[in-house]
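> Next one to model:
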Amino acid sequence: MIFTGFWGIVLGRKTRARVEVAMPRIALLQSQTFDSKEESLRHHHGLIRQAAAQGAQIVVTQELFLTPYFCTVEDTSLFDLADPLPGPITEELAALAGELGIVLIASLFEHRGPGLYHNTAAIFDADGSTLGFYRKNHIPQDPGFEEKFYFTPGDSGYPVWDTRFGKIGVLICWDQWYPEAARLMALGGAQVLIYPTAIGWLPSEKAEWGVAQHNAWETVQRGHAVANGCFVAAVNRSGSHGGTEFWGQSFVANPYGQLVAKAGIENEEILLQDLDFQEVEDFRRIWPFFRDRRIDTYAPILQRWRL
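Predicted structure coming up:
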């Protein structure tokens, strides 16, 4: 939706200046796991088209949407799942974004060079152009999440993408726990932080820690929304694979950290939400966290540890 208005002043007289406030609709594709990349791609083509038909202008896949969450084991043969970026897959997704006139964020397994692999998000604008790539910076290593075996830490920094439908920051899964990453993207102008995700419960932990684990995941991201005065959108998988029960519950939080949209746990779902970016400006005027930052005191944050 586009609203126009307000007055400009030129040479001492009032003239009508066109000011646009975008309120795009975002779609989070909370999906299941498929047996092959071809099947997943075909299925997601349908989901993306369905989301666009429902008015979505920004469409986001879950983390590593083309493949199972293969990082539950260390297996060198699984590197064959990766794709060169740019390459045929980005050409296909860019064409789809251009055809539908949407901004598309797709999380992919990147083969960058011999023995060099990344967990990467590709960002496509509504004209079908490839704006660039974000490579996951923070790489976890836990039982059931053997990501350091597969992924090299990202070197793309923390870019903010100025798309047709707003300024977007994209971070990936483990990145969502780090306030520094969210802050840097907000300082780059991001109006919404988007987190493609694959996270869930291990059967041995769910009974004792399941509720607490999910609460921590949701709460820390809602805190990023408040601390940075922006929207946060996290899209997770559903279903089970490789011993992990993905907890779904994709969500959108507004700048107050309130959940304005939330998906269920078990089922595939297209979660839709309109983002009124005027709320970002309004919130930052009332809660001027950026104004009151004491940047002259923060140098120790660059240390690994303070004694």
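> what comes up buried for stretch 210-230?
210, 213-214, 217-218, 221-222, 224-230 (16 or more other Cβ atoms under 10 Å). Using the backbone N, CA and C atoms, a C-beta is placed for each residue, glycine as well.
> Can I get it as PDB, trimmed to CA atoms?
Provided in PDB are the C-alpha atoms of stretch 210-230 (Å, rounded to 0.1, in the frame of the first residue of the first chain):
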ATOM      1  CA  GLY A 210      11.600 -27.700  25.500                       C
ATOM      2  CA  VAL A 211       9.500 -24.900  26.800                       C
ATOM      3  CA  ALA A 212      12.400 -22.900  28.100                       C
ATOM      4  CA  GLN A 213      14.400 -23.300  24.900                       C
ATOM      5  CA  HIS A 214      11.600 -22.100  22.700                       C
ATOM      6  CA  ASN A 215      10.800 -19.200  25.100                       C
ATOM      7  CA  ALA A 216      14.500 -18.100  24.900                       C
ATOM      8  CA  TRP A 217      14.500 -18.200  21.100                       C
ATOM      9  CA  GLU A 218      11.300 -16.100  20.800                       C
ATOM     10  CA  THR A 219      12.200 -13.700  23.600                       C
ATOM     11  CA  VAL A 220      15.600 -12.800  22.400                       C
ATOM     12  CA  GLN A 221      14.300 -11.900  18.900                       C
ATOM     13  CA  ARG A 222      11.400  -9.900  20.300                       C
ATOM     14  CA  GLY A 223      14.100  -8.000  22.300                       C
ATOM     15  CA  HIS A 224      15.900  -7.200  19.100                       C
ATOM     16  CA  ALA A 225      12.700  -5.600  17.800                       C
ATOM     17  CA  VAL A 226      12.400  -3.400  20.800                       C
ATOM     18  CA  ALA A 227      16.000  -2.400  21.200                       C
ATOM     19  CA  ASN A 228      16.200  -1.500  17.500                       C
ATOM     20  CA  GLY A 229      12.700  -0.200  17.000                       C
ATOM     21  CA  CYS A 230      12.000  -2.400  14.000                       C
END
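> Leu78 reaches Tyr69, doesn't it?
No. Contact criterion Cβ atoms under 8 Å: Leu78 and Tyr69 do not qualify, at 10.8 Å.
> Take the buried residues of stretch 210-230 and write them to CSV, including secondary structure and pLDDT.
What follows is those, written out as CSV (DSSP: H, G, I helix; E, B strand; the rest coil; pLDDT from 0 to 100):
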residue, secondary structure, pLDDT
Gly210, helix, 94
Gln213, helix, 96
His214, helix, 97
Trp217, helix, 97
Glu218, helix, 98
Gln221, helix, 98
Arg222, helix, 98
His224, helix, 98
Ala225, helix, 98
Val226, helix, 98
Ala227, helix, 98
Asn228, helix, 98
Gly229, coil, 98
Cys230, coil, 98
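> Arg183 should be in a helix, yeah?
Yes. If the criterion is DSSP: H, G, I helix; E, B strand; the rest coil, then Arg183 is within a helix.
> And the pLDDT for it?
Arg183 carries a pLDDT score of 98 in this model.
> How about Glu266?
pLDDT, Glu266: 91.
> That one - that's part of a helix, no?
No. Applying three-state DSSP, one finds Glu266 to be coil, outside a helix.
> Could you pull up the residues touching Arg237?
Going by Cβ atoms under 8 Å, 6 or more residues apart in numbering, Arg237 touches 30-33, 62-63, 69, 197-200, 246, 248.
> Next step: these restricted to helices.
With helices taken from DSSP state H, there is no overlap with the contacts of Arg237.
> quick revisit: what's the closest of the buried residues of stretch 210-230 to Leu187?
Closest approach between those and Leu187, by Cβ to Cβ: Asn228, at 8.3 Å.
> Is that closest one in contact with Leu184, as I believe?
No. Asn228 lies out of contact with Leu184 (Cβ under 8 Å); the separation is 9.8 Å.
> got the residue ranges for the helices in this structure?
Assigned by DSSP H, the helices in the chain fall at 37-53, 88-100, 179-187, 203-228, 278-286.
> winner for burial among these?
Among the helices of the chain, helix 179-187 has the highest mean neighbour count (mean count of other Cβ atoms under 10 Å), at a mean of 19.
> tell me the angle it makes with helix 203-228.
Here the directions of helix 179-187 and helix 203-228 differ by 40 degrees (axes from the mean of the first three to the mean of the last three Cα atoms, to 10 degrees).
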